[in-house]
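Engineer: All I have is the shape, not the residue letters:
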């Protein structure tokens, strides 16, 4: 699983289920009111943290999974590529993903 832990909080009780309303909002704990939260989505996993360093650390642990999937998707779409072509596509894809955030 690309280095990711298989348990969340050690038990099922540590997992909270929230529904997204019609406007795309999720209601969180009242303890978070007024905090600045950082949010990122990696491979369908949404991460929230009040600490920029902690969220970047989590993204680094999840990123290898994402990079490998991106590479495999490129290979499937275009066939075998030269190293230079892979680098160009990766650079273009990374640029597009940062523009959307």
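Structural biologist: Structure's in. What do you need? These numbers were taken from a predicted model, which means no experiment stands behind them. Numbers count the residues shown, from 1 in each chain.
Engineer: where does this structure have low pLDDT?
Structural biologist: Residues of the chain meeting the criterion pLDDT under 70: 1-14, 65-68, 71, 81, 98-101.
Engineer: Apply 50 and report the result again.
Structural biologist: Low-confidence segments of the chain (pLDDT under 50): 1, 4-11.
Engineer: Helices along that one, start to end?
Structural biologist: Using DSSP state H, the helices of the chain run over 52-78, 83-99.
Engineer: Mean neighbour count added to those, as CSV?
Structural biologist: Yep, even glycine has a C-beta here, placed from its N, CA and C like the rest. Below are the helices of the chain laid out as CSV (neighbours: other Cβ atoms under 10 Å):
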stretch, mean neighbour count
helix 52-78, 13
helix 83-99, 11
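Engineer: Mind putting those helices into TSV with distance to residue 39?
Structural biologist: As requested, the helices of the chain are exported to TSV (distance: least, Cβ to Cβ, whole Å):
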stretch	distance to residue 39
helix 52-78	8
helix 83-99	15
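Engineer: what residue is smack in the middle of the protein?
Structural biologist: Geometric centre of the chain, nearest residue: residue 42, 1.4 Å, by Cα atoms, centre = their mean.
Engineer: Mind listing the residues bridging to that one?
Structural biologist: As for beta bridges, residue 42 partners with residue 45 under DSSP bridges.
Engineer: So which of the helices of the chain is nearest residue 20?
Structural biologist: Among the helices of the chain, the nearest to residue 20 by Cβ to Cβ is helix 52-78 (20.0 Å).
Engineer: Now do that closest one against helix 83-99, angle only.
Structural biologist: Helix 52-78 and helix 83-99 are oriented at 130 degrees to each other (axes from the mean of the first three to the mean of the last three Cα atoms, to 10 degrees).
Engineer: Against residue 88, how distant is the nearest residue to residue 89 once chain neighbours are set aside?
Structural biologist: Nearest non-adjacent residue to residue 89, counting by Cβ to Cβ, 6 or more residues apart in numbering: residue 74, 5.4 Å away. Look at residue 74 and residue 88: by Cβ to Cβ, to the nearest Å, they are 10 Å apart.
Engineer: and if you look at residue 48?
Structural biologist: Distance of residue 48 to residue 88, given as Cβ to Cβ: 34 Å.
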